[in-house]
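Asks: Task: produce atomic coordinates for the following.
(one chain, ligands or ions: 1)
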Amino acid sequence: MDKKRFQWQRTMASKTYLISSDRSLLPHAFVQQAFATDAMFWAKPLPSDEALKTMLDNSLTLGIYEISEVTKIAIGMARMITDYTTLAYLTDVYLLPAHQGQGLGKWVIACCRDICLEMEQLRFMVLLTGSEEAQKLYRQELGMQKLDSAEEPLVCMGVRRGKLADAAASSNTVADSREVSSA
Ligand SMILES: CC(C)(COP(=O)(O)OP(=O)(O)OC[C@H]1O[C@@H](n2cnc3c(N)ncnc32)[C@H](O)[C@@H]1OP(=O)(O)O)[C@@H](O)C(=O)NCCC(=O)NCCS
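Replies: Predicted structure coming up:
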């Protein structure tokens with residue numbers, strides 16, 4: 001699959017909405033403000049615009065916009081980290097409170113589903129959540145199951161940065177002699 005631009009548009013209750021993967025439309029300030037909200041309790045604003053740009057440059061982020069003939073106002077987002085072929089990790093699904101509860105959240109999840117279905121070699125679409133409500137939503141809209149060895153004979157493994165550093169400190173295996181070159 002090409003890293004093509006994905007775009008959808010719909011009109012609801014006399015308002016027109018756009019979902020687009022075009023990075024040039026998504027204000028960095030919108031993402032940082034979203035990361036600062038309590039609603040996105042798993043995220044926090046990135047410390048520099050460079051870090052934010054690196055994140056966005058290496059993700060497929062769908063911005064959700066309320067649009068008119070002259071404006072495109074960002075109101076939400078959903079981000080997938082993907083190789084566009086075998087794996088997609090969905091995160092940072094967010095909609096401004098004023099726009100919630102009218103189907104836009106389900107719509108952006110359906111757009112992510114469509115993108116993943118275009119990947120003929122897709123092995124897994126995955127995500128992390130602790131919320132029961134989110135699990136219900138992702139079961140319903142994406143057919144997801146828990147990878148906890150009960151529903152699928154698989155477990156999902158993960159580590160936060162702190163414990164990864166502890167593992168590096170206690171491991172006998174070191175990745176030394178690192179050579180850095182720009183690809
Ligand atoms: C999750 C979120 C994007 C849904 O957006 P939305 O436009 O309100 O959702 P829709 O109107 O399309 O659909 C509402 C569905 O989402 C579910 N929902 C609402 N808030 C939710 C939340 N915080 N987490 C998960 N699901 C939620 C509802 O159960 C509802 O399901 P139903 O229609 O079967 O009753 C929005 O609530 C949000 O931004 N929440 C804060 C951030 C967050 O928690 N994101 C990740 C959770 S998946």
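
Asks: Show me where the protein dips below the pLDDT cut-off.
Replies: 182-183 (pLDDT under 70).

Asks: let's see it at 80
Replies: 1-3, 176-183 (pLDDT under 80).

Asks: Which other helices and strands does the longest strand seen in it contact?
Replies: Assignment by DSSP state E gives strand 72-82 as the longest strand of the chain. Counting contacts by 3 or more C-beta pairs under 8 Å, 6 or more residues apart in numbering; DSSP states H and E, strand 72-82 packs against helix 28-36, strand 60-67, strand 87-95, helix 104-117. (C-beta placed from N, C-alpha, C; glycine too.)

Asks: Of those, which is nearest S170?
Replies: strand 87-95 (27.2 Å; C-beta to C-beta).

Asks: Please work out which residues outside the closest one touch it.
Replies: Identification of contacts with strand 87-95 by C-beta atoms under 8 Å, 6 or more residues apart in numbering yields 34-35, 37, 39-40, 42-43, 60-61, 64, 75-82, 104-105, 108-109, 112, 115-116, 119, 122-128.

Asks: contacting residues around the residue of the chain found nearest the ligand?
Replies: Nearest to the ligand, among the residues of the chain, is G105, at 2.1 Å (C-beta to the nearest ligand atom). By C-beta under 8 Å, 6+ apart, G105 lies in contact with G76, V93, L95, L137.

Asks: Next: G63.
Replies: Neighbours of G63 in contact, by C-beta under 8 Å, 6+ apart: I19, S20, S21, D22, L25, L26, F30, A74, G76, M77.

Asks: Now the second one: closest residue in space that isn't a chain neighbour?
Replies: Closest residue to S20 in three dimensions, ignoring its sequence neighbours and counting by C-beta to C-beta, 6 or more residues apart in numbering: Q7, at 4.6 Å.
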